[in-house]
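1. Based on what follows, work out the 3D shape:
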Amino acid sequence: MTLVTVAATSPTSIVMLLSGLARHTQNLGQRPDCSLLLIDPAGQSGDPLAGARLTISGIAKRLGRAQDGDARDAFLDKHPSASAYADFADFALFQIDIQQAHLVAGFGHIETIPASSL
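-> Residues are numbered from 1 along each chain as shown. Next up, the predicted model:
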């Protein structure tokens, strides 16, 4: 399991700032299809199953420095403290293009949502 910070760049795209030293980054280099679990902050204070949660599935791609301008701005606006290490040589932005989302919003409220409906 890995904990990462994310920022939305569109309804169907999120970005993460990842270190090349991290196992999850190395895994994405070998296999870019991935999923990411997002939880409601209310679920963090005890029982994580008590809050809403959304699993997004998609394909991750590394953004080169020349192409990461808007994504970089969006990420640093959301996580300003990341500017302390964002320029380190081993860090890069990865964009997940969401293919679908699976929402669990409470007992009996579960649905899979295609990217076109996000």
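
2. Can you give me the distance of Lys61 to Asp77?
-> 21 Å (C-beta to C-beta, to the nearest Å). Every residue, glycine included, has its C-beta placed from N, CA and C.

3. Compare neighbour counts for these two and give me the winner.
-> Lys61 (13 against 9; other C-beta atoms under 10 Å).

4. which secondary structure element contains that one?
-> Here Lys61 sits within strand 53-63, counting by DSSP states H and E.

5. strand partners of that strand, parallel vs antiparallel please.
-> In the sheet, strand 53-63 lines up against strand 33-39 (antiparallel), strand 91-104 (antiparallel) (DSSP bridges).

6. how about the CA coordinates for it, as CSV?
-> Written as CSV, here are the backbone C-alpha positions of strand 53-63 (Å, rounded to 0.1, in the frame of the first residue of the first chain):
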residue,chain,number,x,y,z
ARG,A,53,-14.6,6.1,-0.8
LEU,A,54,-13.9,6.2,-4.5
THR,A,55,-11.5,3.9,-6.4
ILE,A,56,-10.3,5.3,-9.7
SER,A,57,-8.8,3.1,-12.4
GLY,A,58,-6.8,4.3,-15.3
ILE,A,59,-3.5,4.6,-17.0
ALA,A,60,-0.6,6.5,-15.5
LYS,A,61,1.9,8.3,-17.7
ARG,A,62,5.0,10.3,-16.7
LEU,A,63,4.9,13.9,-17.8
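
7. List the buried residues of the helix or strand just after that strand.
-> Of the helices and strands lying after strand 53-63 in sequence (DSSP H and E), the nearest is helix 69-78. If you call a residue buried by 16 or more other C-beta atoms under 10 Å, then helix 69-78 has these buried ones: 71-72, 74-75.
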